[in-house]
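[1] Predicted model follows, preceded by the sequence.
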Amino acid sequence: MAAQVGKPAPAFEVPAYDRSKDSVDNGFITINSEDLKGKWACLFFYPLDFTFVCPTELVAFNDALADFESRDCALLTASTDSNYSHKAWCESHPGLQQLKYPMIADTNHKLSADYGVLFEEKGIAYRGIFLINPEGIVQWLAIHDLGVGRNVEEVLRVLDALQTGENVPCNWKKGEDTL
C-alpha cells in the first residue's frame, strides 16, 4: 500500500549521495528512515537527473535548506537514478555544486512504489512530496505530473501550519492567528 496521510511512512534503508559528505566514501551513504525519527522530514521525489525542471527544484530546496533546518525538518530527495548519476549531475551542473542534502538512489524502484509515485511504464518517479512528523506519520503529501515544478514556499507554509498543531485557515501564513 502506498504512503497515506495519517499512516506511518513506509520504512526504508536506501543508498544515497550526499555532496556535503563527498570527502568520505565519495559522498555515498546509506539512509535509514529510523534515523529521521524525532524530527520532521520532507522527502521529495523527482523524475530524472540531467533534466530541465528537476534542477530548478533541487536548487530551490537547497536555497531554503536553512528554513527547513530552523523548523527541525530533514530535507532529502529521491529519484530512480543511481548514486553515480547523482554525483555526476552535481559535479557537472553549476546550480547543484552546492547541494547540501542527500539524494536517494532508488534504482530498484521500491521506495518510489512504496510512496505511490512510481510511473511504472517509464521507470521513473512522479513529482511527489511528503511531510512526515517526528513520530514517522505522513502528515501531508502531493503528487503531480512530470512537467511542473513545486513551490518551496508553499511546502514551508504547510510545514509551519502542521507544526502549530492547530486548525489554520486558507492562505494562512506563519505568525497569523489560527482557528
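    Ah, there it is. Here the structure is a predicted model, which means the values were calculated and not measured.

[2] From here on, just use CA atoms for contacts and neighbour counts.
    Noted.

[3] Without its sequence neighbours, what residue ends up closest to Glu11?
    Not Glu; residue 11 is Ala. Nearest non-adjacent residue to Ala11, counting by C-alpha to C-alpha, 6 or more residues apart in numbering: Ser33, 5.6 Å away.

[4] Can you verify my assumption that the one you found contacts Glu13?
    Yes: using C-alpha atoms under 8 Å, Ser33 makes contact with Glu13 at a distance of 6.4 Å.

[5] what's the single longest helix in this structure?
    Ranked by number of residues, the top helix in the chain under DSSP state H is helix 152-164.

[6] Not counting that helix itself, show me its contacts.
    60-61, 64, 67-68, 71, 131, 139, 167-168, 172-174 (C-alpha atoms under 8 Å, 6 or more residues apart in numbering).

[7] picking that back up, residue contacts, the residue nearest to Ala11?
    With C-alpha under 8 Å, 6+ apart as the criterion, the residues that contact Ser33 are 11-13.

[8] In space, what's closest to Arg127 - neighbours in sequence excluded?
    Closest residue to Arg127 apart from its sequence neighbours, by C-alpha to C-alpha, 6+ apart: Tyr46 at 4.9 Å.

[9] Pop out the phi and psi values for the residue nearest to Ala11.
    The phi/psi pair for Ser33 (degrees, to the nearest 10) reads phi -60, psi -30.
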